[in-house]
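Q: fold the following.
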Amino acid sequence: MEEIVMADTLRTFSGGREVEVPATLPGIREALPEERRDDFDQAVAEATVHTIHAVMRHWILELVEDDEERAIVARLRGREGRAA
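A: Have a look, this model is predicted:
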């Protein structure tokens, strides 16, 4: 049987630049600021096999967002709330 080796990191783009991010739950947790780790632990603990990919994407995106991207997301979320 052939062994599949998965990388511990992946590359993505954020703000027009290529960034390398952790591709494991422990790696993501370690890269987060200490004050966000309890929230991460809670999200992972509540995840199901159907939602774990979305949970990982959420936290990876939090790692790569810069202040400008956070402001854009906050504005967009505000608009969604008013669209109802």
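Q: those strands in this protein, which residues are they?
A: Using DSSP state E, the strands assigned to the chain run over residues 9-14, 17-22.
Q: using a markdown table, please lay out those together with distance to Glu30.
A: Placement of C-beta: from N, CA and C, glycine included. As requested, the strands of the chain are exported to a markdown table (distance: least, C-beta to C-beta, whole Å):
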| stretch | distance to Glu30 |
| --- | --- |
| strand 9-14 | 12 |
| strand 17-22 | 7 |
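Q: any idea which of those has the lowest pLDDT on average?
A: Here the lowest mean pLDDT among these goes to strand 9-14, at a mean of 83.
Q: could you pick out the longest helix of the protein?
A: helix 67-82 (DSSP state H).
Q: what angle do that helix and strand 9-14 make?
A: 70 degrees (axes from the mean of the first three to the mean of the last three C-alpha atoms, to 10 degrees).
Q: picking that back up, let's have the strands of the chain in TSV, adding mean neighbour count and distance to Leu76.
A: Formatted as TSV, the strands of the chain follow (neighbours: other C-beta atoms under 10 Å; distance: least, C-beta to C-beta, whole Å):
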stretch	mean neighbour count	distance to Leu76
strand 9-14	12	16
strand 17-22	13	21
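Q: please give me every residue in contact with the residue lying closest to Ala23 once chain neighbours are set aside.
A: Excluding the flanking residues, the one nearest Ala23 by C-beta to C-beta, 6 or more residues apart in numbering is Leu10, at 4.6 Å. Neighbour list for Leu10: Glu20, Val21, Ala23 [criterion: C-beta atoms under 8 Å, 6 or more residues apart in numbering].
Q: redo that, cut-off 10 Å
A: Residues near Leu10 by C-beta atoms under 10 Å, 6 or more residues apart in numbering: Val19, Glu20, Val21, Pro22, Ala23, Ile60.
Q: residues in contact with Met56?
A: Contacts of Met56 by C-beta under 10 Å, 6+ apart are Pro22, Ala23, Thr24, Leu25, Ile28, Ala43, Val44, Ala47.
Q: redo the residues you listed as JSON lines? Include distance to Asp66.
A: JSON lines is the format used below for the contacts of Met56 (distance: C-beta to C-beta, whole Å):
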{"residue": "Pro22", "distance to Asp66": "18"}
{"residue": "Ala23", "distance to Asp66": "21"}
{"residue": "Thr24", "distance to Asp66": "23"}
{"residue": "Leu25", "distance to Asp66": "23"}
{"residue": "Ile28", "distance to Asp66": "18"}
{"residue": "Ala43", "distance to Asp66": "22"}
{"residue": "Val44", "distance to Asp66": "24"}
{"residue": "Ala47", "distance to Asp66": "26"}
